[in-house]
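Participant: would you be able to build a 3D model of this:
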Amino acid sequence: MKLRCPLIIRSVTSLEEFKGLAREWEALLNTMPGHSIFLTWEWLYYWAIHYLGDSQLRILLAFDEHERLVGIAPFYLRRTKKHGVIPLRELRWLGSEAVCSSYLDFIVHEPHKPAVLQSLYHYLFDDVRVEWDLLTLSDVPAESATLDLWNELFAHAGKVGRVVTTSCCPVIRLPEALHTYRASLGRSRRYTLQRKTRCLQEAGLLHFTRATSPADVEATFETVVTLHQQRWSSRPSGGVFANEPAKRFHQDIVRVFSERGRVSIDLLSLDGHPIAGVYGFVYQGVYYFYLPGFDPDMVPKASPGLLLLSHRIQQAVCDGERMVDLLQGAQPYKLEWSTGVRRSITSQYYNRHARAAGLTLLEGVKQAAKILLR
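Facilitator: Purely as a prediction, here's the structure:
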């Protein structure tokens with residue numbers, strides 16, 4: 001079916017309206033092969049509850065002539081100051097701050113994307129042009145057609161946009177058989193894992209446990225929180241759970257996702273005492289290695305966090321998962337384990353306002369200064 005353009009665009013501005021979208025949201029999301037868990041209604045709804053603050057929901061819904069939902073732009077509008085000087089009203093993806101969401105995008109069945117994006121584009125630049133200054137599309141998968149289609153619309157209209165950052169998520173593409181995966185590690189890595197395992201065994205009795213049911217996840221979640229905070233407490237950031245909104249958000253996510261079998265909490269214990277843990281998600285054939293933690297004082301030579309990661313990868317093979325996604329950050333240990341990377345792009349687009357023009361000029365001056373000072 002080819003959609004006729006323009007479509008009908010409606011804006012969702014309240015949490016109550018957002019709450020009522022759950023069923024339609026999931027149905028539309030399931031038409032997108034390979035979409036991430038970070039686009040699910042639950043992830044973005046609970047993000048809005050805990051992080052929206054003084055910002056405003058601006059979820060745009062696209063309907064066809066038969067009133068069928070064919071596209072979702074999960075935006076919110078925040079007021080900010082760029083470089084501490086220029087006040088701006090910025091449209092952003094829900095979930096794009098504070099919780100390390102990856103692979104954000106418009107939610108639309110791929111064959112309908114050109115028509116949906118065209119209608120959203122005209123709505124933003126015609127119908128509600130006076131309401132915003134800057135549009136930030138962060139962490140869009142490089143393989144998505146979104147940026148190409150959006151940039152084509154911009155180029156045709158002679159508007160200004162720019163790539164702000166690129167990032168990568170190391171991934172491990174898994175074979176069907178465990179022996180095939182183990183063979184792929186190579187002799188040197190297998191030897192290293194065996195040596196570290198022996199080192200830990202000499203210190204006590206090892207035990208791997210996995211929690212997936214709602215009751216078990218609830219009982220073990222605080223253990224992972226403690227291990228993560230032990231790992232990061234000496235750093236300036238203080239770890240993910242150093243602030244209450246983060247902890248409350250993840251408590252809600254763990255509760256609602258575990259009810260659907262989407263949470264996996266894995267622990268490595270020594271003589272019954274947890275020394276390493278990882279909080280991850282299982283969704284659509286992918287295990288997301290979301291948040292690790294370990295006790296830095298417990299047998300550091302044995303690298304318990306590394307041994308738990310190795311165990312969890314093998315568990316994913318046994319469970320028939322097709323990929324382990326190590327998520328954002330090109331840390332050496334992630335790159336060492338990965339078989340490839342998924343790249344994401346963050347782009348910004350300016351509206352036709354004096355403030356947006358001022359920001360463009362200021363960005364140009366900053367870039368010129370960098371060139372001259374190098």
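Participant: element containing R190?
Facilitator: helix 187-201 (DSSP states H and E).
Participant: what's that helix in contact with?
Facilitator: Contact with helix 187-201 is made by R182, L185, L206, L270, V299, K301, A302, S303, P304, L306, L307, S310, as judged by CB atoms under 8 Å, 6 or more residues apart in numbering. Yep, even glycine has a C-beta here, placed from its N, CA and C like the rest.
Participant: where does the last one land on pLDDT?
Facilitator: Pointing back at S310 there. With respect to pLDDT, S310 scores 96.
Participant: remind me which residues of the chain are low pLDDT?
Facilitator: Applying pLDDT under 70 to the chain flags residues 1-5, 233-238, 352-374.
Participant: the helices in it, which residues?
Facilitator: According to DSSP state H, the chain carries its helices in the segments 15-19, 22-29, 41-51, 113-122, 146-157, 178-184, 187-201, 214-232, 244-258, 304-318, 332-337, 354-373.
Participant: so can I have JSON lines of the ones you listed showing mean neighbour count?
Facilitator: Shown next, in JSON lines, are the helices of the chain (neighbours: other CB atoms under 10 Å):
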{"stretch": "helix 15-19", "mean neighbour count": "14"}
{"stretch": "helix 22-29", "mean neighbour count": "15"}
{"stretch": "helix 41-51", "mean neighbour count": "21"}
{"stretch": "helix 113-122", "mean neighbour count": "21"}
{"stretch": "helix 146-157", "mean neighbour count": "15"}
{"stretch": "helix 178-184", "mean neighbour count": "13"}
{"stretch": "helix 187-201", "mean neighbour count": "13"}
{"stretch": "helix 214-232", "mean neighbour count": "18"}
{"stretch": "helix 244-258", "mean neighbour count": "18"}
{"stretch": "helix 304-318", "mean neighbour count": "20"}
{"stretch": "helix 332-337", "mean neighbour count": "14"}
{"stretch": "helix 354-373", "mean neighbour count": "12"}
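Participant: what would those helices look like in CSV with distance to D139?
Facilitator: Output for the helices of the chain, formatted as CSV (distance: least, CB to CB, whole Å):
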stretch, distance to D139
helix 15-19, 21
helix 22-29, 17
helix 41-51, 13
helix 113-122, 18
helix 146-157, 11
helix 178-184, 28
helix 187-201, 30
helix 214-232, 22
helix 244-258, 18
helix 304-318, 23
helix 332-337, 17
helix 354-373, 20
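Participant: before we move on, back to that, so the helix holding R190 versus helix 304-318, what angle?
Facilitator: 120 degrees (axes from the mean of the first three to the mean of the last three CA atoms, to 10 degrees).
Participant: what about helix 187-201, distance to the chain center?
Facilitator: 32 Å (CA atoms, centre = their mean, to the nearest Å).
Participant: same deal with stretch 223-230?
Facilitator: With CA atoms, centre = their mean, you get 21 Å for stretch 223-230.
Participant: nearest to H83 among the contacts of helix 187-201?
Facilitator: L306 (40.9 Å; CB to CB).
Participant: and the closest one, how far is that from S269?
Facilitator: 16 Å (CB to CB, to the nearest Å).
Participant: try G280
Facilitator: G280 is 18 Å from S269, by CB to CB.
Participant: if you count surrounding residues, which of these two has more?
Facilitator: G280 (23 against 18; other CB atoms under 10 Å).
Participant: isn't the more buried one right up against R262?
Facilitator: No. Counting by CB atoms under 8 Å, G280 sits too far from R262 to count as a contact (9.6 Å).
Participant: residue contacts, the closest residue to Y45 other than its chain neighbours?
Facilitator: Distances taken as CB to CB, 6 or more residues apart in numbering put F18 closest to Y45, at 5.8 Å, once the chain neighbours are dropped. The neighbours of F18, taking CB under 8 Å, 6+ apart as the test, are V12, Y45, A48, L57, I59.
Participant: tell me how far the ends of stretch 283-302 are from each other?
Facilitator: 31 Å (CA to CA, to the nearest Å).
Participant: now it: how far from the chain's centre is it?
Facilitator: 17 Å.
Participant: buried residues in that stretch?
Facilitator: The neighbour-count criterion (16 or more other CB atoms under 10 Å) identifies 283-284, 286-295, 298-299, 302 as the buried residues of stretch 283-302.
Participant: next up, phi/psi of the residue located most distally from the centre of the chain, please.
Facilitator: Largest separation from the mean C-alpha position in the chain: E202, at 38.5 Å (CA atoms, centre = their mean). Note on E202: backbone dihedrals following degrees, to the nearest 10 are phi -70, psi -20.
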